[in-house]
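S.K.: Turn this into a structure:
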Amino acid sequence: MSGGVEWGLHCCVVLSGSGEPVPAAKLAEFHDVSPSYLAKQLQLLSRAGLVRSTQGQSGGYGLTRPPAEITVLDVVEAIDGSRPAFRCTEVRRRGPLAAPPEKCLTPCSIARVMDAADRAWRESLRAVTIADLAGEVGRTSGPETLARARAWLQT
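M.R.: Numbers count the residues shown, from 1 in each chain. Modelled structure (predicted):
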């Protein structure tokens, strides 16, 4: 998983309660990350329909849906794509003792285990929303944390 996923999730959490668009430059400054790097992540989120960009003097980024309707998996797939983490290359059909194709009609045990793990990982990320993450920030860092962050972003 790329580092862009972490930045994208952090941006979505701070945008979750923002009533006004937040400029990309402010988000980059707030997270102490390169503006061009963060802009790339925001563009990916925008292409996936998770955030929208508003142009002009008071422009910036905002969520397109309520935070309870955006999952962590939505953000992961927007930034890193939806391909499985493991791709079987049929190692069992290589080398001096290679299995012939007719003996490889079903996925090998390694591919099955990795596919099951990928499905479980995705289901776990699908079960957590941006609203859940924002609520957790309030519980672990104090209820004023996100309010202070949003106020800073609007200055």
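
S.K.: Which parts of the chain are helices?
M.R.: Using DSSP state H, the helices of the chain run over residues 3-15, 24-31, 35-47, 72-80, 109-126, 130-141, 144-153.

S.K.: For the shortest one, C-alpha coordinates in CSV please.
M.R.: These are the backbone C-alpha positions of helix 24-31, laid out as CSV (Å, rounded to 0.1, in the frame of the first residue of the first chain):
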residue,chain,number,x,y,z
ALA,A,24,-5.0,21.8,-1.3
ALA,A,25,-2.1,24.1,-0.2
LYS,A,26,-3.7,24.4,3.3
LEU,A,27,-4.1,20.6,3.5
ALA,A,28,-0.5,20.1,2.5
GLU,A,29,0.8,22.6,5.0
PHE,A,30,-1.4,21.1,7.8
HIS,A,31,0.0,17.6,7.1
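
S.K.: And residue 114, how far from residue 93?
M.R.: Distance of residue 114 to residue 93, given as CB to CB, to the nearest Å: 17 Å. (Each C-beta comes from the backbone N, C-alpha and C, glycine too.)

S.K.: And the pLDDT at residue 92?
M.R.: The predicted local confidence for residue 92 comes out at a pLDDT of 89.

S.K.: isn't it right next to residue 104, touching?
M.R.: Yes. If you go by CB atoms under 8 Å, residue 92 and residue 104 touch, sitting 6.2 Å apart.

S.K.: what about these two, which has more around it?
M.R.: Counting neighbours by other CB atoms under 10 Å for residue 92 and for residue 104 shows that residue 92 has the greater number, 16 against 13.

S.K.: which residues touch the nearest residue to residue 127 once chain neighbours are set aside?
M.R.: The shortest distance from residue 127 to any residue that is not its chain neighbour, by CB to CB, 6 or more residues apart in numbering, is 7.5 Å, and that residue is residue 71. Residue 71 makes contact with 125, 126, 127, 128, 129, 130, according to CB atoms under 8 Å, 6 or more residues apart in numbering.

S.K.: now residue 132
M.R.: Taking CB under 8 Å, 6+ apart, one finds residue 68 in contact with residue 132.

S.K.: sorry, back to before: in terms of neighbours, single out the busier of residue 114 and residue 93.
M.R.: When residue 114 is set against residue 93 and neighbours are counted by other CB under 10 Å, the residue ahead is residue 114, at 17 against 13.

S.K.: Alright, that wraps it up for me.
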